[in-house]
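In: next come a sequence and a model predicted from it.
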Amino acid sequence: MATTNNLTTTYAGEFAGKYVSAALLSGKTLAEGNITIKPNVKFKEVMKKVSTDDIVKDASCDFDATSTLTLTERILTPEEFQVNLQLCKKDFRSDWDAISMGYSAFDNLPPSFSDFLIAHVADKVAQRMENNIWSGTNANAGQFDGFTTTLTADGDVNDVAAGAVTSANVITELGKIADAVPSAVYGSEDLYIYVSNNIYRAYVRALGGFATNVGAAGTDAKGTQWFNGGALTFDGINIVMASGLANNTAVAAEKSNLFFGTGLMSDQNEVKVIDMADIDGSQNVRVVMRFTAGIQHAIGSDIVLYS
């Protein structure tokens, strides 16, 4: 497929500009370690769940094996994905740093553009992974089933009906999620409420005084100036923005109960740039990325899905 050259700045003398990429979503969930990463899943990994009845019994002289232990499992199976991109160096002869391209008829890819290309592709993959982790659907090309999909299909998950969240009702809606968290999980150090972008913004705004149950001056009487990107909590539970969640969606779970699996974590950041000049005599450059990725949760009964 031919490369479309959308650059309007051409070389005139010594080009001193920088290659600027549009702002891309970073892979916040993985970059900040907000879920558990399993980096060496070759094919699949079994997430075992052990449950028992009341194992403490009144003492007796005999061995009484009346307690029961039930072992169930969920399978984490990363799927394989790839990025294949081809561009022609000729398309950049008049637009990129002509000096850095060299004077041979077989141009070298401009180093600064090569760096840009690698970072751009990696960021695009990070963005796709963020969306897949939370909202992916295996039926769609380039996606795997995300947590919204797997949790919806798990009958053990605690479901809470969602509504349109605004700064006026966000505290009430977050309260529904917190109230649905099982008592055995509430208070866990790695318990989080993962919220969509719009819920996060609504909560920040509510705490700035835009909610009926918050003082007009907001937190610390600072109004909208109170928040500078620090940590948020609700009823003692950490709040994390998950950019991949659809609007008005949230998940309350322990970080140790949500898993991302991949063959090698380094593959997520590895891009190969292949100059085809020495291979087939063409002026093409190929960018290749291959990796595996997938998610799974372990114990559905410990999780709340607000959707």
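Out: Looks like it arrived, so ask away. Residues are numbered from 1 along each chain as shown.

In: phi and psi next, for residue 300.
Out: phi -60, psi -30 (degrees, to the nearest 10).

In: okay, it: pLDDT?
Out: Predicted confidence (pLDDT) for residue 300: 93.

In: pretty sure it is touching residue 154, no?
Out: Yes. Taking contacts as C-beta atoms under 8 Å, residue 300 lies within contact range of residue 154: 3.9 Å. All C-beta spots, glycine's among them, are computed from the backbone N, C-alpha and C.

In: more crowded one of the two?
Out: residue 300 (19 against 16; other C-beta atoms under 10 Å).

In: any idea how far that one is from residue 293?
Out: Distance of residue 300 to residue 293, given as C-beta to C-beta, to the nearest Å: 21 Å.

In: now residue 126
Out: Residue 126 sits 11 Å away from residue 293 when distances are taken as C-beta to C-beta.

In: swap in residue 287?
Out: 18 Å.

In: of those two, which one has the most company?
Out: The neighbour count for residue 287 versus residue 293, taken as other C-beta under 10 Å, is higher for residue 293 (24 against 18).

In: pLDDT at residue 61, what is it?
Out: As predicted, residue 61 sits at a pLDDT of 79.

In: can you check the one 10 residues further on too?
Out: Looking at residue 71, its pLDDT reads 67.

In: with the one 4 residues further on instead?
Out: Predicted confidence (pLDDT) for residue 75: 88.

In: in this structure it contacts residue 43, no?
Out: No. Residue 75 lies out of contact with residue 43 (C-beta under 8 Å); the separation is 10.1 Å.

In: any shared contact partners between those two?
Out: Common contact partners of residue 75 and residue 43 (C-beta atoms under 8 Å, 6 or more residues apart in numbering): none.

In: give me phi/psi at residue 86?
Out: Main-chain torsions, residue 86, degrees, to the nearest 10: phi -130, psi 140.

In: so it makes contact with residue 285?
Out: Yes. Here residue 86 reaches residue 285: they are 7.1 Å apart, a contact under C-beta under 8 Å.

In: neighbour count: these two, which is higher?
Out: Using other C-beta under 10 Å, the more surrounded residue of residue 86 and residue 285 is residue 285, with 23 against 15.

In: so where's the stretch 201-307 of the chain uncertain?
Out: For the stretch 201-307 of the chain, the stretches flagged by pLDDT under 70 are 209-229, 264-270.

In: and the strands in it?
Out: Secondary structure of the stretch 201-307 of the chain (DSSP state E, counting those that start in this stretch): strands located at 232-234, 237-241, 250-254, 258-261, 272-275, 284-297, 304-306.

In: please identify which of the ones you listed is closest to residue 160.
Out: Taking C-beta to C-beta, strand 304-306 is the member of the strands of the stretch 201-307 of the chain nearest to residue 160, at 4.6 Å.

In: which helices and strands does that closest one pack with?
Out: Applying 3 or more C-beta pairs under 8 Å, 6 or more residues apart in numbering; DSSP states H and E, one finds that strand 304-306 contacts helix 147-153, strand 158-160, helix 170-180, strand 250-254.

In: deepest-packed of these, please.
Out: strand 250-254 (a mean of 25; mean count of other C-beta atoms under 10 Å).
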